[in-house]
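# just need the structure, nothing else, for what follows:
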Amino acid sequence: MSTPSRVRTGATVLVLAYLAFVSLGLPDGLLGVGWPFISADLTVPTEAVGLLLTSGTAGYLVSSVLAGFSIARLGVGWLLAGSTALASLALTGYASSPGLPMLIGCALLLGLGSGAIDAGLNAYAAGVFGPRQMNWMHACFGLGVAIGPLVMTTALGVGLGWRWGYGVVAAAEAVLALAFVLTVRAWQRGANAGRPDPGGGPQAPAGPVRIGATLALPAVWFGALTFAVYVGIEVAAGLWAFLLLTEDRGLSATLAGLCVSIYWGSLFAGRVVQGLVAERLGSRTVLLGSMYGMAAGSALVALPGPGWLAVLGLAVIGFGAAAVFPLLTLSTADRVGRRHADRTIGLQIGASGLGGALIPAALGLLIGRVSVAVLGPALLLLSLTMLGLYWASNRRAARRPVQDG
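Modelled structure (predicted):
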């Protein structure tokens, strides 16, 4: 008798989760297109964008790590509502900013809001959604990154200016925040009806879990390192591929740019396709196949040869990488237990932010000292390291006591 209501509630929450991940990607696209106009309008140097990125990353790391600890106090619905409202406020600040200092402050606020949304939704989805929904939710981030430039380009093209681009997205974030407020109970019902603890039987033991008990689990840290290395590979491949294809493989700038788009496109397509495959073959099988696929693609990039070989390798890396982040998140409770999962996911999201910043930067230094040809071997080494860390996290998880905390 109550089934239709549950179905409607589940569908509403799922659609909001998808829209929230679209909203996470939108600001990245806005800044990429809008920065030349922002810097000219506010008379700040082009390289000042690094200050915004640093500020935003700092906020993202802090809030993503703390989000797992906040969910237990606030509930995921209120956390998402408050974080989305904060993101809307930050984007409104961008739209009305008179100078660089305010932009830096708004970048910090946007990072705080985005990190909490990312970690909060991943924690919720890991306990409630299946492999298909998890992959598709992450695919929506790529959709947001693609839509952001269109929003800014349209605002600039019709003569409204870059501030309107941010204003439109700020308004959309405000509407999304209100939607989260109106569905707080639905989010709580979904969390209460989540999947059982794989290590604790049908229902994990009640009571609070000490933070120290979570941090004492080796699987928590092996899992966080796995995330850091994975995201480092994903970002580094996309960041340095253009340089590899033009300087080492002899492709023209136009063709190399198209090939980098193919890499990111394969990442998006892979999440859509593998979301369906994971439902049939199982998350663990698809996750391991994806990791081995990343290693195989990296080996193709590492091989000396024509440009098309490197392009094929990049496409294989992108398609393989597609399912890794969603399925690693989905299987967090398998490694650390349901009661530790929310905190662990927050740590994993924070580690992924660090890996996405530090590993590509380190590879940039290596490329500068050696040559861009070192990219392929480095990606292969990182892929093998990721596999080793993943196996280590699972072996340590097998020793985890049934009664967590």
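
# pLDDT value on Arg395, please?
On pLDDT, Arg395 comes in at 72.

# helix/strand/coil for it?
Three-state call for Arg395 (DSSP: H, G, I helix; E, B strand; the rest coil): helix.

# enumerate every residue touching it.
Residues counted as contacts of Arg395 (CB atoms under 8 Å, 6 or more residues apart in numbering): none. For the C-beta atoms, the positions are set from N, CA and C on the backbone; glycine is no exception.

# could you report the distance from it to Leu176?
41 Å (CB to CB, to the nearest Å).

# ok, Leu366 next?
Per CB to CB, Leu366 is found 41 Å from Leu176.

# go on, Val168?
Taking CB to CB, one finds Val168 at 13 Å from Leu176.

# I'd assumed Leu24 was in contact with Ile147.
No. Contact criterion CB atoms under 8 Å: Ile147 and Leu24 do not qualify, at 11.5 Å.

# I'd like the average pLDDT over the longest helix along the chain.
If you go by DSSP state H, the chain has its longest helix at helix 3-41. Helix 3-41 shows a mean pLDDT of 71.

# quick check: mean pLDDT of the following helix or strand past that helix?
Proceeding N to C from helix 3-41, the next assigned helix or strand is helix 49-74, under DSSP states H and E. The average pLDDT within helix 49-74 is 75.

# and the next helix or strand after helix 49-74, what does it pack onto?
Later in the chain than helix 49-74, the nearest helix or strand by DSSP H and E is helix 76-96. Helix 76-96 sits against helix 3-41, helix 49-74, helix 100-128, helix 162-182, helix 184-192, with contacts defined as 3 or more CB pairs under 8 Å, 6 or more residues apart in numbering; DSSP states H and E.

# report the buried residues of helix 76-96.
76-95 (16 or more other CB atoms under 10 Å).

# check contacts around Gly297.
Neighbouring residues of Gly297 by CB under 8 Å, 6+ apart: Leu312, Gly313, Leu314, Ala315, Val316, Ile317, Gly318, Phe319, Gly320.

# scratch that, Ala85 is what I was asking about
Applying CB under 8 Å, 6+ apart to Ala85 gives the contacts Gly113, Glu173, Ala174, Ala177.

# and the gap between it and Gly232?
31 Å.

# now, the most widely separated pair of the contacts of Ala85?
Gly113 and Ala174 (11.9 Å; CB to CB).

# buried subset of the contacts of Ala85, written for PyMOL?
One line in PyMOL is enough to select the buried ones among these; burial here means 16+ other CB under 10 Å:
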select buried, resi 113+173+174+177
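
# and the host helix or strand of Ala361, what does it pack onto?
Using DSSP H and E, Ala361 maps to helix 338-369. Counting contacts by 3+ CB pairs under 8 Å, 6+ apart, helix 338-369 is packed against helix 49-74, helix 100-128, helix 211-215, helix 218-243, helix 324-330, helix 332-336, helix 375-398.
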